[in-house]
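Chemist: attaching a predicted model along with its sequence, questions to come.
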Amino acid sequence: MNPLWTLLFAGLGERLIPHGDEIQTEPPIEPNATDAIVEARKALRTVQDFERHVGENVDKLALICRAMWELLRERTNLNEEDLLKKVREIDLLDGALDGKVKNPPKKCSKCSRTMSKRHARCIYCGTEALLDTAFDSI
Ligand SMILES: [Zn+2]
C-alpha cells in the first residue's frame, strides 16, 4: 500500500483506499501522525492544482497550435502530410522518435561549461546565454 494514500485518507473514519478496483479499509493511524496527514493533504492539493494548471495550459497551447496550423494550411500550399513530416523531423532532432523534443544542454560561448536552462547567464563566468531559437528558453 502506498503510504501517501494511507496518510491522505487517514482520519476519515472508515478509510477508502483506491487499489485497482478494490476498496480497502486501513487500520487507524497513530495520533501523532496528524501533522503529517495535514501536510500530506496540503501537498496533494498543491499537486492537484498544479496538474490542473498545466492541463489548462496544454489545452490552450493545443488550441493555439491548431489555429496557427489552420491559418498556414488555408493560406499556403502546405498539407497534413507536410505537417506530419515536419513533426517527425523535429521529433528526431534530439535523436529519439518519442513524441517530444528536448533541447540538448548548451555550452557557454566563453568558458565552454554546460549552461543551465534555468539561468539567463553562465553560472561560472557570467556570460549571457544566447538564444538560437524562441524555443531555447522553454
Ligand atoms: Zn561561462
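Modeler: Arrived safely, thanks for sending.

Chemist: tell me the pLDDT at the residue nearest the centre of the chain?
Modeler: Residue closest to the mean C-alpha point of the chain, counted by C-alpha atoms, centre = their mean, is Val54 at 7.2 Å. Listed pLDDT for Val54 reads 94.

Chemist: kindly report the same for the one 3 residues further on.
Modeler: Predicted confidence (pLDDT) at Asn57: the value is 92.

Chemist: and the helix or strand harbouring it, what other elements does it pack with?
Modeler: Secondary structure assignment for Asn57, by DSSP states H and E: helix 34-75. Where contact means 3 or more C-beta pairs under 8 Å, 6 or more residues apart in numbering; DSSP states H and E, helix 34-75 is packed against helix 3-9, helix 80-91. Using the backbone N, CA and C atoms, a C-beta is placed for each residue, glycine as well.

Chemist: report the inter-axis angle for it versus helix 80-91.
Modeler: Counting by axes from the mean of the first three to the mean of the last three C-alpha atoms, to 10 degrees, helix 34-75 points 130 degrees away from the direction of helix 80-91.

Chemist: change the start of the numbering to 14 and stick with it
Modeler: Okay, using 14 as the starting number, the last item reads as helix 47-88.

Chemist: wait, what's in contact with the residue lying closest to Thr140 once chain neighbours are set aside?
Modeler: Sequence neighbours aside, Lys123 is the residue nearest to Thr140 in space, at 4.2 Å (criterion: C-beta to C-beta, 6 or more residues apart in numbering). Counting by C-beta atoms under 8 Å, 6 or more residues apart in numbering, Lys123 makes contact with Cys135, Cys138, Thr140.

Chemist: okay, the residues you listed in TSV with distance to the ion, pLDDT and neighbour count next?
Modeler: Listed next are the contacts of Lys123 as TSV, based on distance: C-beta to the ion, whole Å; pLDDT from 0 to 100; neighbours: other C-beta atoms under 10 Å:
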residue	distance to the ion	pLDDT	neighbour count
Cys135	3	94	21
Cys138	3	96	12
Thr140	5	95	14
